[in-house]
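J.: What shape does this take:
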Amino acid sequence: MQPVIRTEYAIELLAKGYICLPLRAGGKHLDLQAMEYDPLHLQTRRKDLKELAFRSIAFQLSQKPPTCDDIERWFQKFVGNIGILGGFSNLLILDFDDVVGYRSWTSMHMELAGRTPVAKSPNGFHVYLRTREPIVSSSLHFGLRRIGHAKGLGGYVVGSPSVLKDGSCYSWLKNQSPFDIEPKLIDSLASLSLRPVSPLKDFYNRMLNRGSFEQK
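T.: Next up, the predicted model:
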């Protein structure tokens, strides 16, 4: 995909309520220099700072989204991959690590999976949804098995038509791109038989009253 086409693609997706992000060529990491950042982790070579930069920038952009002018600058001469931001306009992306996990889940939610944008990743699938309330990025569990990640606030996925160094690629399913259909609205992960943590850990956290607070 040429830079001009990338730019047009990203702007068209922005109009649909999706924010595209420049990713390193052949990879999955944000290209922060293309986004006009001077990332501290490149100076210090510290992985913890890189992860902090990615999460914080992703969260910031979901709250203060880029304009069409920003997108044009980011992608003007860009030849890398394309990411899609979670959390903006309550976008939730179910990132299934493999086909087995995806098929197991769709056996219970086939109608939903067929009526919302879905992309094939090199090993699994990405299912695009909207939620009524913001959801924070987390692991994704179906039953007792961890099957991937929920990409909401603070997260992003590699988007179609990105290509990794090994030649594997991402592509929208036929008639299930954001240009074909809108993401289905859901109430919560629980409404899809999914959890951000394993049932055992969730039970343990509830016993210790972790992850909640009282409003004063």
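
J.: Span of stretch 67-81 from start to end?
T.: End-to-end distance of stretch 67-81 (C-alpha to C-alpha, to the nearest Å): 20 Å.

J.: scratch that, stretch 114-128
T.: Counting by C-alpha to C-alpha, you get 11 Å between the two ends of stretch 114-128.

J.: Which positions within it qualify as buried?
T.: 116-121, 124-128 (16 or more other C-beta atoms under 10 Å). To be clear about C-beta, it is placed using only N, CA and C from the backbone, and glycine gets the same treatment.

J.: and the top helix by length along the chain, C-alpha only, in CSV?
T.: The longest helix of the chain (DSSP state H) is helix 47-63. Only the C-alpha atoms of helix 47-63 are listed here, as CSV (Å, rounded to 0.1, in the frame of the first residue of the first chain):
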residue,chain,number,x,y,z
LYS,A,47,11.7,-1.9,27.7
ASP,A,48,9.6,-0.7,30.7
LEU,A,49,9.7,2.9,29.3
LYS,A,50,8.7,1.6,25.8
GLU,A,51,5.7,-0.2,27.2
LEU,A,52,4.7,2.8,29.3
ALA,A,53,5.0,5.1,26.2
PHE,A,54,2.8,2.8,24.1
ARG,A,55,0.1,2.4,26.8
SER,A,56,0.0,6.1,27.7
ILE,A,57,0.0,7.4,24.1
ALA,A,58,-2.7,5.0,23.2
PHE,A,59,-4.8,6.1,26.2
GLN,A,60,-4.2,9.8,25.4
LEU,A,61,-5.3,9.4,21.8
SER,A,62,-8.5,7.7,22.8
GLN,A,63,-9.3,10.7,24.9
